[in-house]
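# 3D model of this:
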Amino acid sequence: PVHEELRPIWDKVVLSNHHDFITGTSPDRIWLAEQRPLLREAEQVVDGTIAGALATARAAVGLVPGIAPRWRRIGSRIEVTTAHYGLVIDEQVGGCIVSWRAWPDGEELLAGPANDLVAYRDSGGLWRLGHEFRGGTFRELCRASTAPASVGAVLKGDLLEIEIASSLCDRRFLRRLWLRGDSPIVRLQITGAAARRRTITCRFPTRLAASALTMNVPGGVVTRPQHKLYRPTFWPARSFVHWRDRDHGGGVAAFLGGPACAALTEQGTVEWLVLRHAPRERAFGCLPILAHPASGTDPQEAVFDYAVLLTPRGDYRENRLPQRVRRALRAAMFPPRAQDLDDLANSVVVTDHDDVLVSALKPASHGEGLIVRLRNYARAETVGVRCAGRPVRVARLCDALERDLAELTVTQGRVHVPLPGAIATLRLLF
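All right, here's what the predicted structure looks like:
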């Protein structure tokens, strides 16, 4: 079974939960000699498991073809049209998106080049950006949109792949976009390496009259003001940020592949951090900051996955952003035209409430049965859960350590689940 294949590597990776591993505060020698080999070994095992699961899914289910977007190249521009939007990418403007219109009204959304890369000189470190302490620096140096880029596009079945090679402060960066004709979500990716004491952001200027950011955080969803203490104020988010026009209610959602950090730098303009190489906080170019002892380097090339969705009138609930962010970001785990394994898994156990999602599904590590974790985005008090094709015989409410807490009522295969909060864990027996 797959979970038996993954168990040995899981037992190793679980060691990565402590402070100095996740936050990157270990010395470089520890990262290079111990931590990176461990993570690479884990990635190789998981990649092999995913490849096997994709082959099985392809043989059992097949790949349902979608609708290809319409596109054409006119001079330095690539124009793309789908059922949901029309956008234009211009080589002469650094390969940035220079026009984005949502159908059916077709009004221009952008106030400047979008998907633009911006490099900042950053004297910050692990805990603070350079402008968040006296004597520090966080200053814009250059933008990708100021120099021409090389842009290529190829249609692969129902998927249009656009590749943009550009320069930013004498460093090469690669941006990719994947577009489908039947999806309103545009999937994107940035590959590159930040120079020492540089932070790279992705800028998305819009015409929206927006003065706040809504984002998910561990435990819920919050709305942040444009500025607090610092200008710009970069807010930590879990996986999505949403900004809306205060008059007509339409907006934009960015799904960020983490660690996510976004700022509403001007009205309607949002930037999110994609790459950072900030060894340690330094004031006035030389003074270390007290109580900020951690230091380290990050010169390696990295990949940042994200996606963008133009939202009609409504807030994050009405636009179902918690559900959509899962689909957009998990797509980065699989090849662009591969079967969505998470969709298949979620079709096994389903809920009768659109805003209560199955966030995890696994064989029990302790005891018998199937462990199901639910995520409640709607403050629902109860939900019904079913297993497709297999009637549930017994169900129990568990804690995160898979310890049974209470028996649950099962009626004709439907489990009646009281939701104690944002997260609930179940044990299902068949």
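# can you pull out the helices in the chain?
Counting by DSSP state H, the segments of the chain that form helices are 2-13, 19-22, 28-30, 36-60, 321-330, 341-348.
# for the longest one, buried residues please.
If I follow you right, that is helix 36-60. By neighbour count with 16 or more other C-beta atoms under 10 Å, helix 36-60 contains the buried residues 42, 45-46, 50, 53-54, 57. Placement of C-beta: from N, CA and C, glycine included.
# just checking, what packs against it?
Packing contacts for helix 36-60, counted by 3 or more C-beta pairs under 8 Å, 6 or more residues apart in numbering; DSSP states H and E, involve helix 2-13, helix 341-348.
# and those helices, which is most packed in?
Of all the helices and strands packed on helix 36-60, helix 341-348 has the most neighbours on average by mean count of other C-beta atoms under 10 Å, namely a mean of 15.
# hang on, the earlier thing: ranking the helices of the chain by mean pLDDT, which is last?
Among those, helix 19-22 carries the lowest mean pLDDT, a mean of 68.
# so what's Ala395 bridging to?
Ala395 has the following beta-bridge partners by DSSP bridges: Leu408, Leu428.
# can you give me the distance of it to Glu140?
According to C-beta to C-beta, to the nearest Å, Ala395 and Glu140 sit 55 Å apart.
# I'd like the helices and strands packed on helix 36-60 as CSV, with distance to Ala144 appended.
Converted to CSV, the helices and strands packed on helix 36-60 look like this (distance: least, C-beta to C-beta, whole Å):
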stretch, distance to Ala144
helix 2-13, 35
helix 341-348, 32
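# and stretch 253-272, C-alpha only, in CSV?
Backbone C-alpha positions of stretch 253-272 (Å, rounded to 0.1, in the frame of the first residue of the first chain) are rendered in CSV as follows:
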residue,chain,number,x,y,z
ALA,A,253,-7.6,36.9,-5.7
ALA,A,254,-4.0,35.7,-5.6
PHE,A,255,-3.3,32.2,-4.5
LEU,A,256,0.2,32.0,-3.1
GLY,A,257,2.3,28.9,-2.8
GLY,A,258,3.9,30.1,0.5
PRO,A,259,5.4,31.2,2.6
ALA,A,260,2.9,33.9,1.6
CYS,A,261,3.4,37.6,2.4
ALA,A,262,1.5,40.4,0.6
ALA,A,263,1.1,44.1,0.7
LEU,A,264,-1.3,46.6,-0.7
THR,A,265,1.4,49.1,-1.6
GLU,A,266,-1.0,51.6,-3.3
GLN,A,267,-4.7,51.7,-3.8
GLY,A,268,-5.4,48.7,-6.0
THR,A,269,-1.8,47.6,-6.3
VAL,A,270,-0.7,44.4,-4.5
GLU,A,271,2.7,42.9,-4.2
TRP,A,272,3.7,39.5,-2.8
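# enumerate the positions of it that are buried.
Per 16+ other C-beta under 10 Å, stretch 253-272 contains these buried residues: 253-257, 260-272.
# tell me which of these fall in strands.
Among those, DSSP state E puts 253-256, 260-266, 269-272 in strands.
# contact partners for Thr382?
416-419 (C-beta atoms under 8 Å, 6 or more residues apart in numbering).
# for the residues you listed, pick the one with the most neighbours.
Val417 (24 neighbours; other C-beta atoms under 10 Å).
# any idea how far the closest residue to that one other than its chain neighbours lies from Ser183?
Leaving aside its chain neighbours, Val417 sits nearest to Val383 (5.2 Å; criterion: C-beta to C-beta, 6 or more residues apart in numbering). Note on Val383: its distance to Ser183, by C-beta to C-beta, is 28 Å.
# hey, what's the closest residue to Ala210 other than its chain neighbours bridged with?
The shortest distance from Ala210 to any non-neighbouring residue, by C-beta to C-beta, 6+ apart, is to Trp243 (4.1 Å). With DSSP bridges as the criterion, Trp243 is bridged to Val252.
# tell me which stretches of the stretch 301-430 of the chain form strands.
302-311, 349-351, 356-363, 370-376, 382-387, 394-398, 404-411, 414-418, 423-429 (DSSP state E, counting those that start in this stretch).
# can you check the stretch 151-300 of the chain too?
Under DSSP E, counting those that start in this stretch, the stretch 151-300 of the chain gives strands at 159-168, 171-180, 185-192, 198-205, 212-217, 220-225, 235-237, 240-244, 251-256, 260-266, 269-277, 282-283, 287-288.
# what's the closest residue to Ala102 other than its chain neighbours in contact with, if anything?
Nearest residue to Ala102 in three dimensions, chain neighbours excluded: Leu310, at 4.5 Å (C-beta to C-beta, 6+ apart). By C-beta under 8 Å, 6+ apart, the contact list for Leu310 reads 84-85, 100, 102, 109, 184, 250-252.
# okay, and the beta partners of Leu310?
In beta-bridge terms (that is, DSSP bridges), Leu310 pairs with Val252.
# okay, it: pLDDT?
At Leu310, pLDDT is 96.
# what's the spacing between it and Gly249?
For Leu310, the distance to Gly249 equals 13 Å [C-beta to C-beta].
# then Val88?
25 Å.
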